[in-house]
Structures are given as structure tokens and as C-alpha cells.
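*Asks:* A structural model of the following input is requested.
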Amino acid sequence: MLPIKTILVATDFSPMSEHALRFGGALARDYGARLVAVHVVQPPVAVYAETAVFVEEPDFSSARETLHALQVPGVDVEYRLMEGEPAATIVQVASELHCDLIVMGTHGRAGVVRVLMGSVAEDVLRKAPCPVLTVKATVPLPIPLEETVAEPAHA
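*Replies:* Numbers count the residues shown, from 1 in each chain. Model prediction:
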């Protein structure tokens with residue numbers, strides 16, 4: 001059995017990340033490992049114009065509250081709210097904490113959407129200092145409103 005003492009779970013608060021947190025939490029419980037939940041906020045983009053543009057300091061209070069609301073039954077969770085580029089920051093935190101495993105959800109994007117948006121999970125996989133477990137959760141799609149309204153029976 002591989003020694004797993006520290007598990008980092010990267011979250012963007014999506015349903016896929018929630019599934020990854022549950023999975024990482026179960027592993028932490030089974031291995032008696034430390035569980036660290038990390039959320040990375042991207043800094044505001046500076047816009048250059050003919051006149052000066054002042055970028056306000058970002059308010060991280062909402063992200064902090066959402067992060068600290070994440071709970072895993074039977075496991076103490078450490079929380080890290082970071083600012084930076086997500087993949088690079090996740091890799092940096094994993095290195096600094098000497099993580100044995102990174103667990104993260106994947107959105108499973110493909111084609112043009114993936115090319116335009118990139119893949120944080122793929123970038124972490126390529127650069128991580130430890131094994132990376134990607135968890136793809138199947139999230140049920142909402143039922144369209146038309147299907148929820150029963151049609152009258154014809155006699």
C-alpha cells in the first residue's frame with residue numbers, strides 16, 4: 001500500500017469538485033491522512049486604456065465562506081484560499097505541503113470549448129509533484145419544465 005499522509009483536494013465549488021471532495025475525504029478517512037481543500041481565485045485582469053483604470057481589491061469573503069462550508073464527515077479539513085493561476089497555484093501548494101496525492105474533479109470538456117478554456121486538471125496532471133486522481137462525476141441534467149407538467153389525458 002502506498003503511504004498517503006497528505007491529500008490536497010482542489011475545488012472550484014462545482015458539482016464535480018464536490019464529488020472529488022467526497023472521494024478525497026473517503027481516502028483521507030481510510031488512510032488517516034491530512035485533508036487540505038484548496039480554492040484558487042484568479043486575480044482581476046488589468047485593462048489598459050488611454051486613461052488610468054483602477055482595479056479594485058477583490059473581495060474574497062464569499063469564496064472564503066463557501067470554502068469553509070465544505071465539510072467531510074469524520075475528517076478534519078484544512079482550508080486554503082489562494083490567489084493566482086489555478087493550475088500553477090495548485091501545483092505550488094501541493095509541493096509546499098509535500099502532498100502525496102491531489103484529487104480534483106474534471107468537467108470533461110472537449111473540442112473547441114477545451115481549447116478556448118484550457119484544462120486545469122490536465123495542466124495539474126502534467127506538472128504535479130505527486131500522483132493526481134481526477135474524478136469525473138456524472139451530474140444529472142435538470143428535467144425541462146415542459147416534461148414536468150403532466151399533459152391532460154384525452155378521453
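*Asks:* Isn't Pro129 up against Val93?
*Replies:* No. Checked against CB atoms under 8 Å, the pair Pro129 and Val93 is beyond contact range at 10.4 Å. C-beta coordinates here come from the backbone N, C-alpha and C atoms, glycine included.
*Asks:* Pick out whichever of the two has more residues nearby.
*Replies:* Neighbours per residue, other CB atoms under 10 Å: of Pro129 and Val93, the larger number sits with Val93, 19 against 15.
*Asks:* Skipping adjacent residues, who's closest to the more buried one in space?
*Replies:* Val38 (5.5 Å; CB to CB, 6 or more residues apart in numbering).
*Asks:* The one you found - that's part of a strand, no?
*Replies:* Yes. Counting by DSSP: H, G, I helix; E, B strand; the rest coil, Val38 is located in a strand.
*Asks:* which residues touch it?
*Replies:* Leu8, Val9, Ala10, Thr11, Arg80, Leu81, Met82, Thr89, Ile90, Val93 (CB atoms under 8 Å, 6 or more residues apart in numbering).
*Asks:* Alright, calling it a day.
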